[in-house]
Structures are given as structure tokens and as C-alpha cells.
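Engineer: Let's see this in three dimensions:
(one chain, ligands or ions: 1)
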Amino acid sequence: MKKIMIDMDDTILADCYLEVVNEFLNAHLTYEDCKDYWIDNMVPEEKQKEYLNHFYNEIDIYDYGHVQENCIQVIEELTKYYEVFICSAYIDHRDIENCSKILLYKHKWLLKNLPFVKPENYIFTNRKDVIPVDIIIDDKVENLKSGDVKLLITAYHNEGIPKKELEALGITRVDTWNDIAEILLNH
Ligand SMILES: [Mg+2]
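Structural biologist: Reported below is the predicted structural model:
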């Protein structure tokens, strides 16, 4: 069986960080207000400490946002033909002491929402590039290094990357989980 590694944030789920930031700031920010990959950089410098404390000690990030359309069904189907791994980063140098707390929320969310993926197949690391798998699905170009098939799911921070640039890296853009099903389950 071929091995697939699937990212969590902005691949399986969407909008979690944006909703947390908006609630914390009592604001209505959109992705257009976000200048880079890091949504929480929209929190002003003077509020960052309070924000990080809120983020790691007061909330479960996965109570926010939503699951991408058809994602759960497609992943369940994928488990019939592939060995599915879920790989999610958690190291946050802004609060290296507390960032591991998010592991509990990731673990809990996966157990509840993807019961057909073995917990042994959860991988929590920022170094996705060192894991040899056949297929990777991620929203971050930098994570699409190993793997024969590299699928970049469209997200706010990668929309502007031209097709040519992705092609040169051997990456295929997918907009939805239906596109992923089309590529990986169409046999
Ligand atoms: Mg991601």
C-alpha cells in the first residue's frame, strides 16, 4: 500500500486561527488583512503575550473553524486503498514551553473525527521533509518535498503562487477535497 501523509491545519480544517484571532481582538479581520502565512501576526505586538497565553491556556483551537467540505469522507475512502498518516506541526518558538499543549487538542480531534485513521499513524513534527512517503497533501509548499505525488491544497497564503512555479517543484494544485478524490481515488 502506498503511504499518504495529510496535513491538518488549512488542509483538513480551515479558518480555526482566523476565528480565534477575531474573537480575541473582537474584530472582523479577513484573509485579505493577513500579510503572511501566520494569521496571528495580525495580533498587535503589545497584545502578543496575552494572545499566546489565551491560545495555549484558555482555548482549544479545534473548537473553532470548520472541516473542509467532503474531507472526512474522502479520507475514509483513501484508507481503503492507501496507508494514511496525519502529520501536523506544533513547535512554536514564541512559546516553546507551552506549545506542546496543542498536541492534546490535535490528538483529541483526530480520534473523534477520523476514527478510521490509526492513532499510530499520527505524526507530530515540523520536519515533514524528512518523512519518506509516496503522496503528500499540504497547504504549505515548503512541506511538499518528499513524495512522488505532491498536492497543494489552495489556501489564503498560497493562492498567488503561479502554476509554472508549482510545476517546477513537481507540485499539483488542488482546490477542494473532491479534486483530491479525483486524482487519488479515480481507479
Ligand atoms: Mg497546514
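Engineer: use CA for all of it now, contacts and neighbours both
Structural biologist: OK.
Engineer: Please spell out which residue in this structure sits farthest from the middle.
Structural biologist: residue 46 (27.4 Å; CA atoms, centre = their mean).
Engineer: And the strands in the chain, which stretches?
Structural biologist: 2-6, 13-14, 66-67, 82-88, 122-124, 135-138, 149-153, 171-174 (DSSP state E).
Engineer: Please identify the buried residues of the first one?
Structural biologist: This points to strand 2-6. Buried residues in strand 2-6, counted by 16 or more other CA atoms under 10 Å: 3, 4, 5, 6.
Engineer: List just the nearest of those residues to the ion.
Structural biologist: Looking at those and their distance to the ion, the nearest is residue 6, at 9.1 Å (CA to the ion).
Engineer: Which residues does the closest one form beta bridges with?
Structural biologist: Counting by DSSP bridges, residue 6 is bridged to residue 86, residue 137.
Engineer: and the longest helix for the chain?
Structural biologist: helix 101-113 (DSSP state H).
Engineer: That one vs strand 82-88, what angle?
Structural biologist: 150 degrees (axes from the mean of the first three to the mean of the last three CA atoms, to 10 degrees).
Engineer: can you tell me if helix 101-113 touches the ion.
Structural biologist: No. Counting by CA under 5 Å from the ion, the ion has no neighbours in helix 101-113; the shortest distance is 12.7 Å.
Engineer: Rounded mean pLDDT for that helix, please.
Structural biologist: Average pLDDT, helix 101-113: 98.
Engineer: do the same with stretch 151-169
Structural biologist: Here the average pLDDT along stretch 151-169 is 96.
Engineer: now do the same end-to-end measure for that stretch.
Structural biologist: End-to-end span of stretch 151-169 (CA to CA, to the nearest Å): 11 Å.
Engineer: same check, this time on stretch 127-137
Structural biologist: First-to-last residue span, stretch 127-137, CA to CA: 15 Å.
Engineer: Over to stretch 114-133?
Structural biologist: Stretch 114-133 end-to-end distance (CA to CA) = 20 Å.
Engineer: Would you mark the buried spots in it?
Structural biologist: Result for stretch 114-133 [16+ other CA under 10 Å]: buried residues 114, 116, 117, 122, 123, 124, 128, 133.
Engineer: ok, now stretch 107-116?
Structural biologist: 109, 110, 114, 116.
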